[in-house]
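Trainee: I'll drop the sequence and a predicted model, then ask my questions.
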Amino acid sequence: MIGQLITKLFTGEISIYIARLRTAFAIYAAMAILAVAMIGFLIGALFVWLAHRFGTVQTSIGFAVACLVAILVMYALLLVARRPPRQRAADRMQRDVASIASIAAVSNLPLIFASVRRRKSLMMLPVAGLAVWGLFKGLRGFRDRGLRD
């Protein structure tokens, strides 16, 4: 969208583009208002149908309990999402270090491939590492299965 805006700016068609954006925004806003109204009418129709079927007081209590459960779920999600700033900073630092490490690894790939082409025996290191890891996992699974029996 930004690329289109810059292109339109250089070609002189920016006013047409902004007018189209304004029209699209107005249509999307009207659609959002109608969607909220639709959801309200559907909830109202559900309430009327359940009130006719089970009674007004029981339906009101059911809706109140459903709202309470929704509030409790949202509060639990808020507690999970809201972490201390120190933990968020540590997570950010970990992501940054992983990003830098992956960039360094990708930038060194041509050098690694060139050294592997020269010395084929270097391929034995990752193969041996994978074999040891597979053997470890297999023995651990065998040991765990033996403990369960």
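Mentor: All right, it came through fine.

Trainee: What is the neighbour count of R140?
Mentor: Around R140 there are 10 other residues, counting by other C-beta atoms under 10 Å. Backbone N, C-alpha and C define where each C-beta goes, glycine included.

Trainee: Just give the number of residues close to T59.
Mentor: For T59, the neighbour count with other C-beta under 10 Å is 18.

Trainee: Equivalent analysis for the one 5 residues further on, please.
Mentor: The number of residues packed around A64, counting by other C-beta under 10 Å, is 10.

Trainee: How about D91?
Mentor: Counted with other C-beta under 10 Å, residues neighbouring D91 total 11.

Trainee: Report pLDDT for it.
Mentor: With respect to pLDDT, D91 has a value of 74.

Trainee: What distance do you get for it to P85?
Mentor: When distance is defined by C-beta to C-beta, to the nearest Å, D91 is 11 Å away from P85.

Trainee: and if you look at G129?
Mentor: According to C-beta to C-beta, G129 and P85 sit 38 Å apart.

Trainee: Comparing the two, which shows the higher neighbour count?
Mentor: Ranked by neighbour count (other C-beta under 10 Å), G129 and P85 place G129 first, with 10 against 7.

Trainee: Residues contacting the helix or strand in which that one is found, please?
Mentor: Using DSSP states H and E, G129 sits in helix 124-148. Outside of helix 124-148, no residue comes within contact range by C-beta atoms under 8 Å, 6 or more residues apart in numbering.

Trainee: Report the distance from it to the chain centre.
Mentor: Per C-alpha atoms, centre = their mean, to the nearest Å, the displacement of helix 124-148 from the mean C-alpha position of its chain is 33 Å.

Trainee: cool, and stretch 73-85?
Mentor: Relative to its chain's centre, stretch 73-85 lies at 16 Å (C-alpha atoms, centre = their mean).

Trainee: got the contact list for the residue nearest the centre of the chain?
Mentor: A centroid search over the chain (C-alpha atoms, centre = their mean) returns A81, at 12.7 Å, as the residue closest to the centre. Taking C-beta under 8 Å, 6+ apart, we find A81 in contact with no residue.

Trainee: And it, how far from A105?
Mentor: In terms of C-beta to C-beta, A81 sits 32 Å off from A105.

Trainee: Kindly report the same for K137.
Mentor: For K137, the distance to A105 equals 24 Å [C-beta to C-beta].
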